[in-house]
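J.: the following comprises the amino acid sequence and a computationally predicted model.
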Amino acid sequence: SISDFQKLKEDSSVKTILLPVLANQQSNLYIDSCWFDSPVHPLNQTEKLNVRIKNLSDNNLENISVKSCRDFYKTHYSPDNATLFIAGDLYENKLLEMVEKLYGSYEPFKLENAVTIKTEPVQTKEKIKIITHNVNSDKILIGYKIPASFEENNVVFNKFNNLKEGYTIKDIPSLEIIGKILAGGQSSLFEKELINRQLASSYFYYIERKLYPGILYFYVDFNAGIKAEDWKEMVYSLIESKVSALFTEEEITRTVNSLLLYLYDSFSDISSFSSLLGEMFVASGKNPVYLIDYLTSIKNLKVEELK
C-alpha cells in the first residue's frame, strides 16, 4: 500500500473520503522495430524484412494477418497522395537527385477500395453519441466545428454553427489560444475545475488544422465513480461561458508566450521542424509562408479579436 491508514487520527469534525486510483486501459498497437537478416544488401535480390510489433493493451489482437495489413496499405497509401518534407543544411540540386533516386521508381496507382468522405449535411442541432464499453472510467469528447485553416477554403456556415463569412488565418490561432486557456496545462481552466476538484484524471484539446472546415476537440477522462452524464453541463459551461472571463491582456500574453515557446521549441531539432512545417504546408494549400503568417498572427493577437 502507498498509504498508512493506521496513522490516521479519528476526528468527528473531519470528513474523509477515500478515492480508489485505477489504471486506465491502454490500447496501442505499434511497430517497435524492423531489421534485415544481413547488413549486406545484394543488388536486385529479394531480402527478408523482420518486423517486431508491440501490443500495449490488456486484450489480445485478434483476426490480424499479413493480408489484412496489405489490404489496409492498398486502401490508404499511394505515392500520389504522399508529400515529402526534408529540413536541413542541404543543396537543392543534390537533394532532388537523391529523392529521385530513392523514390523515382514509385509509380502512382489508383487506391483499391478507397473511401470517399462525403461532406456532412448542414447541422441544425447538437449531435450526441453515447458509447458503452467495459472501461474503468467515464470519458467525454466534445467537438465544435471550426473554419478551414486557409482563407480561400472557407465557406458560409449556417446560424447554428455560429460561424460567418470572411474568416481569415487569424481565427485558427485564436482557437489555439482559447484551447490552451481551457485545457493547455496546469494553469488551465480544466486543471483548476476538474483536476484540482478530483473530478477528472486527464484532459486535452486538439485543433484540426485542415484545408477544409475541421473540429476543435475537448476531451475529459473522469475519475472512477464520476459519471460524465452528471458533469457534462459543467464542462459545457467551462467551454462556452466561463472561459470568456479569462480573456484579459495578462492571461492572453501569458498564453501566447507559452504557445510560441512550444512552437519555437519544434525548431530545435530537424525532425520536429519537418513535422511542423509539413503540417502547416498541407493545411495551407501548399502555401510556403503559412507557418510564418501563423506565428505572426499568434504573436499579434488582441483581446478584441479573441472575444
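T.: Alright, I've got the coordinates. Numbering: from 1, shown residues only.

J.: distance of Leu111 relative to Ala82?
T.: Here Leu111 is placed at a distance of 12 Å from Ala82 (C-beta to C-beta, to the nearest Å). Where C-beta positions appear, they are placed from N, C-alpha and C, glycine not excepted.

J.: next one: Lys54
T.: Distance check for Lys54 against Ala82: by C-beta to C-beta, it reads 25 Å.

J.: and for Ser268?
T.: Counting by C-beta to C-beta, the gap from Ser268 to Ala82 is 26 Å.

J.: wait, Tyr236 touches Tyr144, no?
T.: No - with contact defined as C-beta atoms under 8 Å, Tyr236 does not reach Tyr144; the gap is 10.7 Å.

J.: please, which helix or strand holds the residue nearest the centre of the chain?
T.: Centroid check for the chain by C-alpha atoms, centre = their mean gives Tyr206 as the closest residue, at 4.5 Å. Element membership for Tyr206, per DSSP states H and E: strand 200-207.

J.: just how off-centre is that strand within its chain?
T.: Taking the mean of its C-alpha atoms, strand 200-207 sits 10 Å from the chain's own mean (C-alpha atoms, centre = their mean, to the nearest Å).

J.: what packs against it?
T.: Using 3 or more C-beta pairs under 8 Å, 6 or more residues apart in numbering; DSSP states H and E as the contact criterion, the neighbours of strand 200-207 among helices and strands are helix 171-183, strand 214-222.

J.: phi, psi for Arg197 please.
T.: Main-chain dihedrals, Arg197, degrees, to the nearest 10: phi -90, psi 10.

J.: what's the answer for Asp37, then?
T.: Phi and psi for Asp37, reported as degrees, to the nearest 10, are phi -70, psi -30.

J.: which one is it nearest to, not counting chain neighbours?
T.: Take Asp37 and drop its neighbours on the chain: the residue closest to it by C-beta to C-beta, 6 or more residues apart in numbering is Lys48, 5.2 Å away.

J.: can you report phi and psi for that neighbour?
T.: phi -90, psi 120.

J.: quick check: it vs Trp35, distance?
T.: From Lys48 over to Trp35 the distance is 10 Å, taken as C-beta to C-beta.

J.: what of Lys192?
T.: In this structure, Lys192 lies at 48 Å from Trp35, with C-beta to C-beta as the measure.

J.: just checking, what packs against the longest helix along the chain?
T.: For the chain, the helix reaching the highest residue count under DSSP state H is reported as helix 249-265. Contact partners of helix 249-265 among helices and strands, from 3+ C-beta pairs under 8 Å, 6+ apart: helix 171-183, helix 290-299, helix 303-306.

J.: give me the residues contacting the shortest one.
T.: Translated: helix 303-306. Lys170, Ser174, Ile177, Ile178, Phe247, Thr248, Glu249, Ile252 (C-beta atoms under 8 Å, 6 or more residues apart in numbering).

J.: before we move on, what about stretch 35-48?
T.: Counting by C-beta under 8 Å, 6+ apart, the neighbours of stretch 35-48 from elsewhere in the structure are Leu49, Asn50.

J.: could you work out the end-to-end span of it for me?
T.: From the first residue to the last, stretch 35-48 extends over 9 Å; the measure is C-alpha to C-alpha, to the nearest Å.
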